[in-house]
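Student: Please find the sequence and the predicted model below.
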Amino acid sequence: GQQLNQSPQSMFIQEGEDVSMNCTSSSIFNTWLWYKQDPGEGPVLLIALYKAGELTSNGRLTAQFGITRKDSFLNISASIPSDVGIYFCAGRPAGSEKLVFGKGTKLTVNP
Amino acid sequence: EAGVVQSPRYKIIEKKQPVAFWCNPISGHNTLYWYLQNLGQGPELLIRYENEEAVDDSQLPKDRFSAERLKGVDSTLKIQPAELGDSAVYLCASSPGQHHRYQETQYFGPGTRLLVL
């Protein structure tokens, strides 16, 4: 089935630093979503992208739908300790009704 | 607005026992999903409902798993009998549904953490 390559797998950063993570696919996607999951909780939607080239912000978070429709990235600026968690990308492949998830990026922020 | 509600939050059972999970989606959301999440992995779809119809259950292990969404609102996912390998997080999600502009935008509940001993 469809697979998403999400990288990096984990990140260890200092508070105040900027963070960037991305997802790539070998096929075209029509929708990209970014979620954050805290321990013991379900994924929480951060940003949804519906058009190629779309750039959307949510506070310190910015995500883009790649022009090729095969990738997306998420940036977090000026990280804070509460940014700690696992970030998942998810996408809907063209011609499919199903959402495919990446394996997640585990973010650790050192105060 | 209330989010997706799931219960129980945690469940510990012995293998071969039955178990059931309940989900109440966001009000007005026609599409409901059940996902399985193993440790260190992203969610994987088990079944998707459009109203009361299961439109995609291709990933549901039908020998032991069953689901229902009577009246097109709440849903129940059942495992009978449970096996050791079923230990995982079971997530429910909902979205506005087909023909809605943001139909793919899924909102997740907190999940049920199942441990099979």
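Tutor: Perfect, thanks for sending it. Residues are numbered from 1 along each chain as shown, chains lettered A, B, ... in the order given.
Student: Return the distance of residue A:43 relative to residue A:11.
Tutor: 18 Å (C-beta to C-beta, to the nearest Å). In this view, the C-beta of every residue, glycine as well, is placed from N, C-alpha and C.
Student: Residue A:104 too?
Tutor: 11 Å.
Student: So which of those two has more stuff around it?
Tutor: Ranked by neighbour count (other C-beta atoms under 10 Å in any protein chain shown), residue A:104 and residue A:11 place residue A:104 first, with 24 against 18.
Student: residues near residue 46, how many?
Tutor: All of this refers to chain A. Using other C-beta under 10 Å, residue A:46 is surrounded by 18 other residues.
Student: think we crossed wires, I meant chain B
Tutor: Residue B:46 has 21 neighbouring residues, counting by other C-beta under 10 Å.
Student: Tell me who's in contact with it.
Tutor: For residue B:46, the contact set (C-beta atoms under 8 Å, 6 or more residues apart in numbering or on different chains) comprises B:33-36, B:57, B:59-60, B:65, B:67, B:77.
Student: Just the strands from the chain, written as ranges.
Tutor: Just so you know, I chose chain A. A:5-7, A:10-14, A:19-24, A:29-37, A:44-49, A:55-58, A:61-65, A:71-76, A:85-93, A:100-101, A:105-110 (DSSP state E).
Student: Chain B, not that one
Tutor: For chain B, strands defined by DSSP E occupy the ranges B:5-7, B:10-13, B:19-24, B:31-37, B:44-50, B:53-56, B:65-68, B:75-79, B:88-95, B:107-108, B:112-116.
Student: Can I get those strands in TSV including mean pLDDT?
Tutor: Shown next, in TSV, are the strands of chain B (pLDDT from 0 to 100):
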stretch	mean pLDDT
strand B:5-7	97
strand B:10-13	97
strand B:19-24	98
strand B:31-37	96
strand B:44-50	94
strand B:53-56	92
strand B:65-68	97
strand B:75-79	97
strand B:88-95	96
strand B:107-108	94
strand B:112-116	97
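Student: Let's have these in JSON lines, adding distance to residue A:98.
Tutor: Output for those, formatted as JSON lines (distance: least, C-beta to C-beta, whole Å):
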{"stretch": "strand B:5-7", "distance to residue A:98": "21"}
{"stretch": "strand B:10-13", "distance to residue A:98": "27"}
{"stretch": "strand B:19-24", "distance to residue A:98": "19"}
{"stretch": "strand B:31-37", "distance to residue A:98": "9"}
{"stretch": "strand B:44-50", "distance to residue A:98": "6"}
{"stretch": "strand B:53-56", "distance to residue A:98": "7"}
{"stretch": "strand B:65-68", "distance to residue A:98": "16"}
{"stretch": "strand B:75-79", "distance to residue A:98": "18"}
{"stretch": "strand B:88-95", "distance to residue A:98": "12"}
{"stretch": "strand B:107-108", "distance to residue A:98": "16"}
{"stretch": "strand B:112-116", "distance to residue A:98": "22"}
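Student: No further queries at this time; thank you.
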